[in-house]
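Engineer: I would like to see how this sequence folds:
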Amino acid sequence: MKALIALTLLVQLPIHKAVPAAPLAPLGCDDPESEAAAEFAVNYINGHNHHGFKFDLNRIENIRMIHQGPNNYVIFLELDLLETSCHVLSPTPLKNCTVRSITQHAVEGDCDVKLQKLDGAFSVLASKCNSHADSSEDVLQICPGCALLAAFNNTEVLTAVATALNDHNSKTPDAYLRLLEIGRANIQYAPAHVVYVEFAVAATNCSAAEAKDNVEACQLLPDDQSNFGFCTATMVIHPSQDLSVDCRLYGHQVPTPDPGVTYSHPGYDTSAGLTPDVVQGFTNHNLRLSHNNPFASESSSSEFPSAALAAKSVARRAVAEVAQHNKVPHPVGFVPPPPPCPGKIRHFKI
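Structural biologist: Presented below is the predicted three-dimensional model:
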């Protein structure tokens, strides 16, 4: 009898099947969560770039979020960035850095970033960036007389940098400065022949006066005393000859190394001021940041290409849905929702 009752209860008990978690709704590129992830990624990129200038976010091209577990997500981002006037060594916050305009011959950065969001905190699992200058034709179409980017190893550029730095060192009572790298160079040929250069410098253990006697003895300050700075100079070659120089030191800054990051930049002799980009004659420092976290779990180590394709597929579906939605009659004054990606352009499109 007891067995019969137990069997009856067993038969009558409802069976609860496991309900699969609902898929995540696709994020829009301009959603607050997307912008927060992009801001974190851009700050990371600028903090781990060793050459050239800081970049600011111009547009979120694509975003995809994958649920990994409780409060655990992996986010794939495709970002368009624009070069600012702040060198990577500058302590100036990014929000105070000016994006270079098209007429200044803008430089665009393209980045793929893989983030993890665990318990509300972001971390970078992998990143890959490259950058390129706008075409000279596009610049001249808007501004026929504008100065264009020149190669770092251009003879006039090298002469302008050397002349400007020597001029500064010959007049300052402070520390003797040595060249770290040429950051940017523009040359204008009409109506005047002018060379504009920007370059990073570092203080040495000599005063400018001491350097006159034995410049070879002047060495860069050790890491715990390092003092970097930045110079801009304008050298007029024709119709007159003129030179203006402005150099400013940032003061000692405590570095924040990240042992889990590897860089594609090869080492170089800072005393010579010849970075690989100078030797190879580039017109801008390529944003060659590449990082893969060796401690990332297998479940969160999807490759960029497949993620990018998936994200683009989601974006295409969303655009198709909006297009289909727009075919349905709507009240007068109805404004259809924008497609989730790509996002808005914050500055300008190259």
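Engineer: tell me which element residue 349 falls in.
Structural biologist: Under the criterion DSSP states H and E, no helix or strand holds residue 349.
Engineer: Show me the shaky parts of the protein.
Structural biologist: 1-25, 255-281, 289-339 (pLDDT under 70).
Engineer: quick one, helices of it?
Structural biologist: 2-12, 32-47, 136-142, 155-171, 208-213, 276-279, 304-327 (DSSP state H).
Engineer: Confirm for me that residue 251 is in contact with residue 227.
Structural biologist: Yes: look at residue 251 against residue 227 with CB atoms under 8 Å: they come within range, at 6.2 Å. In this view, the C-beta of every residue, glycine as well, is placed from N, C-alpha and C.
Engineer: Those two - which one has more neighbours?
Structural biologist: Using other CB atoms under 10 Å, the more surrounded residue of residue 251 and residue 227 is residue 227, with 17 against 11.
Engineer: how much space is there between the more buried one and residue 253?
Structural biologist: 9 Å (CB to CB, to the nearest Å).
Engineer: Over to residue 109?
Structural biologist: To residue 253, residue 109 is 23 Å away according to CB to CB.
Engineer: the more surrounded of those two?
Structural biologist: Neighbours per residue, other CB under 10 Å: of residue 109 and residue 253, the larger number sits with residue 109, 25 against 12.
Engineer: from what I can see that one touches residue 56, true?
Structural biologist: No: the pair residue 109 / residue 56 is not scored as a contact, 9.3 Å apart, by CB under 8 Å.
Engineer: so what sits against both of those two?
Structural biologist: Common neighbours of residue 109 and residue 56 (criterion: CB atoms under 8 Å, 6 or more residues apart in numbering): 81-82.
Engineer: Point to the residue nearest the middle of the protein.
Structural biologist: residue 55 (4.1 Å; CA atoms, centre = their mean).
Engineer: List the residues that contact that residue.
Structural biologist: 42, 45-46, 49, 81-84, 109, 131, 287.
Engineer: Beta-bridge partners for it, please?
Structural biologist: Beta-bridge partners of residue 55, counted by DSSP bridges, are residue 83.
Engineer: Alright, that wraps it up for me.
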